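Engineer: Sharing a model prediction with you, sequence too.
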Amino acid sequence: MSGTRIDRWLWAARFFKTRSLAKKAVEGGKVQVENQRAKPSKELQINQTLQIRRGETTQTVVVRALSEQRGPAAQAQTLYEETAESIELRESHRSSRRMERAGLTVPSGRPDKKDRRALAQLRDLDKNWRQAPEE
C-alpha cells in the first residue's frame, strides 16, 4: 500500500488552508512524525502519530485514513483521531488563557506582606459595601 505525502495529507485533513502553508510548517519543524522531524515529501502511513504545532497549541493525532484530495470538513475529521491527552492539554491551555484574559492569574506562591495588606483592604471594602445602608 502506498502512502500519501505529509503536506498533502495535512492540507486534506484541513490542518492548513493551503498545501504551501502545510509544506512550510513541515519544513519549519512544526510537524513531527513519530517524534521526529520530517520532510514535506515524507510518505505518511495509517496509524502513524503526528504532533502538529500551530501557534501556542500542539495537537497529537493518529492517522486513521489517507487522502490526497481536500473534501468537506466532516470527511476531513475522519482522516485522524486526536489523542485523549492532547485534547485534555488543549482544553486546559484554553481555560488558562480565558482566565488570564479576564485578569485572573494563579499565584505562584504564598502572598507576601504587601499582598496580604491588599487582600485585607479589599475584604474591608467589601464588608463596608455590604453594610452600607441603601438610599
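Structural biologist: Yes, it's here.

Engineer: how far away is the one residue sitting closest to the centre of the chain from Gln51?
Structural biologist: Most central in the chain under C-alpha atoms, centre = their mean is Thr57, positioned 2.7 Å from the mean C-alpha point. With the distance defined as C-beta to C-beta, to the nearest Å, Thr57 ends up 11 Å from Gln51. (Each C-beta comes from the backbone N, C-alpha and C, glycine too.)

Engineer: thinking again about what came up before, excluding sequence neighbours, find me the nearest residue to the residue nearest to the centre of the chain.
Structural biologist: In space, and not counting its chain neighbours, Thr57 is closest to Arg90: 5.7 Å by C-beta to C-beta, 6 or more residues apart in numbering.

Engineer: residues contacting the one you found?
Structural biologist: Thr57, Thr58, Gln59 (C-beta atoms under 8 Å, 6 or more residues apart in numbering).

Engineer: cool, Ala25 as well?
Structural biologist: Leu10, Phe16, Val31, Ile52, Arg54.

Engineer: Check the gap between it and Asn47 for me.
Structural biologist: Taken as C-beta to C-beta, the span from Ala25 to Asn47 is 22 Å.

Engineer: picking that back up, element containing the residue nearest to Thr57?
Structural biologist: helix 84-101 (DSSP states H and E).

Engineer: could you pull out the helices for the protein?
Structural biologist: Listed in chain order, the helices found in the chain under DSSP state H are 6-12, 19-27, 73-76, 84-101, 113-131.

Engineer: Could I get the buried residue list for the third one?
Structural biologist: Buried positions in helix 73-76, judged by neighbour count with 16 or more other C-beta atoms under 10 Å: Ala76.

Engineer: who's in contact with that helix?
Structural biologist: By C-beta under 8 Å, 6+ apart, helix 73-76 touches Ala12, Ala13, Arg14, Ser67, Arg70.

Engineer: do that again at 7 Å, thanks
Structural biologist: The contact list for helix 73-76, computed with C-beta atoms under 7 Å, 6 or more residues apart in numbering, reads Ala12, Ala13, Arg14.
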